[in-house]
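*Asks:* Could you look at this predicted model? Sequence included:
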Amino acid sequence: MHETIRVGGMNITFLMTRHETADALDLLEVTIPPGDSVVVPHTHLNYDEWVLGLNGTTTWTLNGEIQLLHPGESLFIPRGTPHFFANVHEEVGRVVCLQTPGVMGPEYYREIARHYQCEHVDPAGIRDVMCRYGVDPLMRPESTERIVDEATEQIPLQDKTILH
């Protein structure tokens, strides 16, 4: 097991890295506290991602369609698919992500984490890191609040408990 990387309120722990698999895959566990999210809609240019729900419920928006991911359920995000996720529920969400081929490695998340450790989150710095690793942010970070509000309007009221 590798170190845990803290990005905002989320914890990311690599189970296998591209360095160990000759770039075949990255396998990581992500713990998402209530109210936390990756709300910048983005696409992955060079890899596909498969996500398995372990604990709690997380809310994913793929191509504008909302999907709740419960324990034992999975979803596939083909490269080029616009998506983002949030934990708008009361309990911690935990997922495993398999990214193929492995192109990100822990270095991507370490770089992103640095932009959360300053006095204020640095959206421009985060965007720069994303672009260097083949993650295409689809809109300006300051525009994401409206997108999250619109997306969560479709979540049933009993599932819309917390939004950060």
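*Replies:* That came through, no problem.

*Asks:* Now P106: phi and psi?
*Replies:* Its backbone dihedrals place P106 at phi -60, psi -20, with angles given as degrees, to the nearest 10.

*Asks:* count of neighbours near it?
*Replies:* Counted by other C-beta atoms under 10 Å, the residues lying close to P106 total 19. For the C-beta atoms, the positions are set from N, CA and C on the backbone; glycine is no exception.

*Asks:* Just to check, it is in contact with L15?
*Replies:* No: in this structure, P106 sits apart from L15 without contact. The criterion is C-beta atoms under 8 Å, and the distance is 11.0 Å.

*Asks:* which neighbours do these two share?
*Replies:* Contact criterion C-beta atoms under 8 Å, 6 or more residues apart in numbering; residues bridging P106 and L15 by contacting each: H2.

*Asks:* and stretch 66-79, which residues are buried?
*Replies:* Residues of stretch 66-79 classed as buried by neighbour count (16 or more other C-beta atoms under 10 Å): 68-69, 75, 77.
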